[in-house]
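Colleague: Compute the structure for the input listed below.
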Amino acid sequence: MKTYIKAISYYLPEGKLTNEEIHLEFPEWGINKISSKTGIHTRRISAKNEFTSDMALQAANQLFVDNNIDKNSIDFLLLCTQSPDYFLPTTACILQDRLGLKTTTGALDFNLGCSGYIYGLGLAKGLITSGLANNVLLITSETYSKFIHPKDKSNKTIFGDAAAATLISAESGLFEIGDFVFGTDGSGAENLIVKNGGLRNFNENGTDVIDEFGNVRNDNNLFMNGSEIFNFTSESVPLLTNQLLNKIKLSLEEVDLFIFHQANRYMLNHLRKKIGIPEDKFFISMDFCGNTVSSTIPIAISEALKQGKFENVLHCVLEGFGVGYSWGSCNITKVK
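Modeller: Numbering: from 1, shown residues only. I've put the predicted structure just below:
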C-alpha cells in the first residue's frame, strides 16, 4: 500500500528574539556575525505559559482548517517531542482530547529531536502499510527555549520554538513517501543533553559554570558540544545520503531537491559542499524562526511549496540528524 504526505501546516509562537536583541545583551556578538554563521535573524519563542501541547494544538487546528480535514478521519496521532507537558500522562493523549479526536484514535509520544520528523514519517508509513490506520496525524512540537540558560549565548542564537502538523494518508496527496535509512550512535549522548530533570538525576541541583567561550552552562539546562556535533554531522550525513541513494537507486544528479534538518547555515553549507549538492537543489529556510528541532523539515517543506520550489521537482530527499546521536533519511516523490 502506498503512503502519502497529504498536507502540512505549522505554528510559530508570537514571542521573538532577534539578532539585534542578542547583540544588545552580548555586544561581542555582532549582528552580521550572528546572521552569517547561523543564517537566522529571528527566533520564535514560546510564552511563559505556552507549552508543547498548546503549540501542537494550534498547528493541528491550522492543518484541519487550511485543508478542510474531518477530525473523525484521523486514526492515529503521533507526537514527536523532547519537551512534553508532563512525565506522564502522554502528551499525545492530552492532545487527542483537546483536539476532539474520536476515542478510537491511537495516540503516542516519541522522544526524538532533529531526526524526529523522518522517524515520524517512517512510523506513520508502517501504520498505514500494515493496515492499522488510513490517516495518521504526525505532530512535531518543541519548546527548546525553556531548556536554554539565559546567559548561554551560543544556544540562544540557534534554537527557536515551533510546532508542525502533517497528515499522512493512504489516499493520494502532495508527495508519495518512499524508502528510509535510519541510524543511531548513543555513544554521543552527552554531547547534546539536558542532564537534570529526568529520574536519573531527579534531585540534582545544577551550578552555573562559565565555559571557555563565555557561555554560562548548568546541568539543569541544555548543553551542546558544538564541535563534537559538527564532527558527527560531517561524518554521518554524507554516508547517510549515499546509503539512501543506493537504496532507492538514484544518482545524486537525479534528485531534484534536498531538504535537510535546518541546523544552521554554516553547517548546512558545509554538508552541501562535502556531498556535492548544487546550491540550487538545496533548500534552506530558517531565518524567520531559528532551528526548531523536529519541526525544521516540515516547516521547510511548507515554505518550499509556498515559494514554488517544487514546481519542477519529482524526487526530493529529506534528512534529519542530531541529538542521540540519531539520524534518518527518506525520499518523497511529487505526485503529478
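Colleague: residues touching residue 229, list them.
Modeller: Contact partners of residue 229, counting by C-beta atoms under 8 Å, 6 or more residues apart in numbering, are 191-192, 322. Heads up, the C-betas are built off the backbone N, CA and C, glycines and all.
Colleague: same thing but 10 Å
Modeller: 114, 188, 191-192, 263, 267, 321-323, 325 (C-beta atoms under 10 Å, 6 or more residues apart in numbering).
Colleague: now swap in residue 71 and tell me
Modeller: Taking C-beta under 10 Å, 6+ apart, we find residue 71 in contact with 60-61, 64, 99-102, 105, 137.
Colleague: at 8 Å instead, please
Modeller: Residue 71 is in contact with 64, 99-102, counting by C-beta under 8 Å, 6+ apart.
Colleague: circling back: the contacts of residue 229 in helices, which ones?
Modeller: The helices in this structure, assigned by DSSP state H, contain residue 267 from these.
Colleague: May I ask which of the contacts of residue 229 has the most neighbours?
Modeller: Neighbour tally across the contacts of residue 229 (other C-beta atoms under 10 Å): the maximum, 32 neighbours, falls on residue 114.
Colleague: I'd guessed that residue sits against residue 261; true?
Modeller: Yes - between residue 114 and residue 261 a contact is recorded at 4.7 Å, counting by C-beta atoms under 8 Å.
Colleague: any common contacting residues for those two?
Modeller: 296, 320-322.
Colleague: These into JSON lines, with extra columns for distance to residue 42 and pLDDT?
Modeller: Supplementary listing: the shared contacts of residue 114 and residue 261 in JSON lines, determined by distance: C-beta to C-beta, whole Å; pLDDT from 0 to 100:
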{"residue": "296", "distance to residue 42": "15", "pLDDT": "98"}
{"residue": "320", "distance to residue 42": "23", "pLDDT": "98"}
{"residue": "321", "distance to residue 42": "24", "pLDDT": "98"}
{"residue": "322", "distance to residue 42": "21", "pLDDT": "97"}
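Colleague: Can I get the residues you listed in JSON lines including distance to residue 330?
Modeller: Formatted as JSON lines, the entries for those read as follows, by distance: C-beta to C-beta, whole Å:
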{"residue": "296", "distance to residue 330": "15"}
{"residue": "320", "distance to residue 330": "9"}
{"residue": "321", "distance to residue 330": "13"}
{"residue": "322", "distance to residue 330": "16"}
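Colleague: can you tell me which of these lies nearest to residue 223?
Modeller: Distances from the shared contacts of residue 114 and residue 261 to residue 223 were compared by C-beta to C-beta; the smallest belongs to residue 322, at 13.7 Å.
Colleague: Isn't the closest one up against residue 261?
Modeller: Yes - with contact defined as C-beta under 8 Å, residue 322 reaches residue 261; the gap is 6.5 Å.
Colleague: Understood, closing this out.
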